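In: Provide a 3D model corresponding to the input given below.
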Amino acid sequence: MNSSEFPLPDDMDQLKSMVRAMAAKAARADALEREIETLRARNVDTDERIKRLRHPALNLNHLFAVCRLRLQREKR
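Out: Okay, the predicted model is just below:
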C-alpha cells in the first residue's frame with residue numbers, strides 16, 4: 001500500500017487520534033481471536049462429550065434392553 005491510497009491527516013492531533021483508533025481496533029481483533037480459539041476448543045470438547053454420550057453403552061434404551069434380556073435369561 002502506498003501513501004496515496006491512504007491519506008494521512010496533516011494535523012498532529014488527528015494523526016494521534018487515528019493511531020489510537022487503529023490500536024484499539026487491533027486490540028479488539030486480538031481479543032476476538034482469543035475468544036474464537038476458546039470457543040473452538042470448547043467445541044472440540046463438546047463434540048467429544050457428544051460422542052461419548054451417544055456411545056451405545058450410555059444409551060438408556062440400550063441399557064434397558066440389555067437389562068430386559070438378562071432378566072429374561074435369569075427367569076429361564
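
In: backbone phi and psi for the most centrally placed residue in the chain, please?
Out: Nearest to the mean C-alpha position of the chain, counting by C-alpha atoms, centre = their mean, stands Leu39 at 1.9 Å. When read as degrees, to the nearest 10, the backbone of Leu39 gives phi -70, psi -40.

In: Is Leu8 part of a helix or strand, or is it coil?
Out: Here Leu8 is recorded as coil under DSSP: H, G, I helix; E, B strand; the rest coil.

In: just checking, it touches Leu15?
Out: Yes: contact criterion C-beta atoms under 8 Å: Leu8 and Leu15 qualify, at 6.2 Å. C-beta here means a position set from N, CA and C on the backbone, and glycine is covered the same way.

In: The helix or strand encompassing Arg20 - contacts with which helices or strands?
Out: Element membership for Arg20, per DSSP states H and E: helix 12-54. Contact partners of helix 12-54 among helices and strands, from 3 or more C-beta pairs under 8 Å, 6 or more residues apart in numbering; DSSP states H and E: none.

In: what about that helix, average pLDDT?
Out: Per-residue pLDDT values across helix 12-54 average out to 93.

In: Run the chain-centre distance for it.
Out: Distance of helix 12-54 from its chain centroid, counting by C-alpha atoms, centre = their mean, to the nearest Å, is 10 Å.
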